[in-house]
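J.: have a look at this fold, sequence not included:
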């Protein structure tokens, strides 16, 4: 006599088959150890991007087979999942699904008998607790504490539990008081299947910031190489043309080639030389326009100079007078004499 299958199980399998047969990606999430309150909050934050359906492993296997998905892929996804849950998304790819689920990871206080996922270290330093019996409670679980400046302080950095060791209930309570929540919970993706390809969680855990930095660095290096080897393309042409124009301008200036592009620079340079030379002459050798130009330049320089430069200017007046006397003796009658 064949055992009867409960109607709800048939309905559940049909529901799972429909989910697994839809377009998009399917993944298995382990929700073991996640408190109900945390679970509700996590599901609500992800509701717009994916659906989550909890079921027993036996029902998932039956539905997986009826949906025609590779059976070896399911074994890989269910490996290590204490309490599996099927997630389905039509808006995310496998990597995006992992990234969104990874955001739900959070810590909680350790309970009696749980194993440390990694070394649990209590750092040296002050705490927020005032003097009281808590000092003895800390020391009782291996956390060296004493009163320092009216507060409880941890005397030295200490590893209270090594990775894989069991955490006592009292230690878990004291760690929680210090804000140390070593047990990680969250919607942990064990893997996903997309277009018939199974991706284990280890292959989906990408360092996106590092990857982005590597892409930017590689792009920059390729662009510099292309420019240095004069590789002409739509990307390098603007830079190569700009560089060629700049080099051509430098050559024209050094060679003294006068054209529409260089003329203004030569005139500006000649004017600057003339003004510098005129600044060394006696005022009687300057015509009115040149004197006004020099006066305007001197006013601009004085406005930009620091206020404490007045003392230095006062000390330099005597040498200036001597230079003026020497220039007068030279007998300049004007700029005409200077240039012959």
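T.: Here it is on my side, so go on. Values in this document were obtained by computation on a predicted structure and should not be read as measured data. Residues are numbered from 1 along each chain as shown.
J.: in terms of secondary structure, what does the longest helix that the chain contains contact?
T.: Using DSSP state H, we find that the single longest helix of the chain is helix 208-228. Packing contacts for helix 208-228, counted by 3 or more Cβ pairs under 8 Å, 6 or more residues apart in numbering; DSSP states H and E, involve helix 237-255. All C-beta atoms are positioned from the backbone trio N, CA, C, and that covers glycine.
J.: just the residues contacting the helix it packs on, thanks.
T.: 227, 230, 232, 259, 261, 262, 265, 266 (Cβ atoms under 8 Å, 6 or more residues apart in numbering).
J.: kindly reformat those as a markdown table containing secondary structure.
T.: As requested, the contacts of helix 237-255 are exported to a markdown table (DSSP: H, G, I helix; E, B strand; the rest coil):
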| residue | secondary structure |
| --- | --- |
| 227 | helix |
| 230 | coil |
| 232 | coil |
| 259 | coil |
| 261 | coil |
| 262 | coil |
| 265 | helix |
| 266 | helix |
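J.: which two of these have the greatest separation?
T.: 232 and 266 (32.6 Å; Cβ to Cβ).
J.: neighbour count winner among these two?
T.: Between residue 232 and residue 266, counted using other Cβ atoms under 10 Å, residue 266 has the larger neighbour count: 15 against 10.
J.: and the gap between the closest residue to the more buried one other than its chain neighbours and residue 276?
T.: Closest residue to residue 266 apart from its sequence neighbours, by Cβ to Cβ, 6 or more residues apart in numbering: residue 258 at 6.3 Å. Using Cβ to Cβ, to the nearest Å, residue 258 is found at 22 Å from residue 276.
J.: more neighbours: which of these two?
T.: residue 258 (13 against 10).
J.: where does the chain dip in pLDDT?
T.: For the chain, the stretches with pLDDT under 70 are 1-4, 80, 283-285, 296-340.
J.: which parts of it are strands?
T.: Ranges of strands in the chain, per DSSP state E, are 25-30, 51-54, 84-89, 106-108, 120-122, 125-126, 145-148, 151-154, 158-161, 183-185, 188-194, 197-200.
J.: surely residue 182 meets residue 167?
T.: Yes: here residue 182 reaches residue 167: they are 7.4 Å apart, a contact under Cβ atoms under 8 Å.
J.: identify the contacts common to these two.
T.: 110, 116, 120, 161, 175.
J.: most neighbours of all those residues, which one?
T.: Going by other Cβ under 10 Å, residue 110 tops those with 25 neighbours.
J.: list the contacts of that one.
T.: 116, 167, 171, 172, 175, 176, 181, 182, 183 are the contacts of residue 110 under Cβ under 8 Å, 6+ apart.
J.: repeat for residue 227
T.: Contacts of residue 227 by Cβ under 8 Å, 6+ apart are 236, 239, 240, 243.
J.: try 10 Å
T.: Neighbouring residues of residue 227 by Cβ atoms under 10 Å, 6 or more residues apart in numbering: 235, 236, 239, 240, 243.
J.: break this structure down into its domains, please.
T.: Listed domain ranges for the chain are 7-105+186-206, 120-181, 211-255, 263-339 (source: automatic domain parsing).
J.: pick the most deeply packed of those.
T.: Stretch with highest mean neighbour count among those: domain 7-105+186-206 (a mean of 17; mean count of other Cβ atoms under 10 Å).
J.: first-to-last residue distance for that one?
T.: In domain 7-105+186-206, first residue to last residue: 43 Å (Cα to Cα, to the nearest Å).
J.: surely residue 99 touches residue 206?
T.: Yes: under the criterion of Cβ atoms under 10 Å, residue 99 makes contact with residue 206 at 7.9 Å.
J.: report the central residue of the chain.
T.: Centroid-nearest residue in the chain, with Cα atoms, centre = their mean: residue 209, separated by 6.3 Å.
J.: ok, that one to residue 27 distance?
T.: 23 Å.
J.: repeat that for residue 172.
T.: With Cβ to Cβ as the criterion, residue 172 and residue 27 are 31 Å apart.
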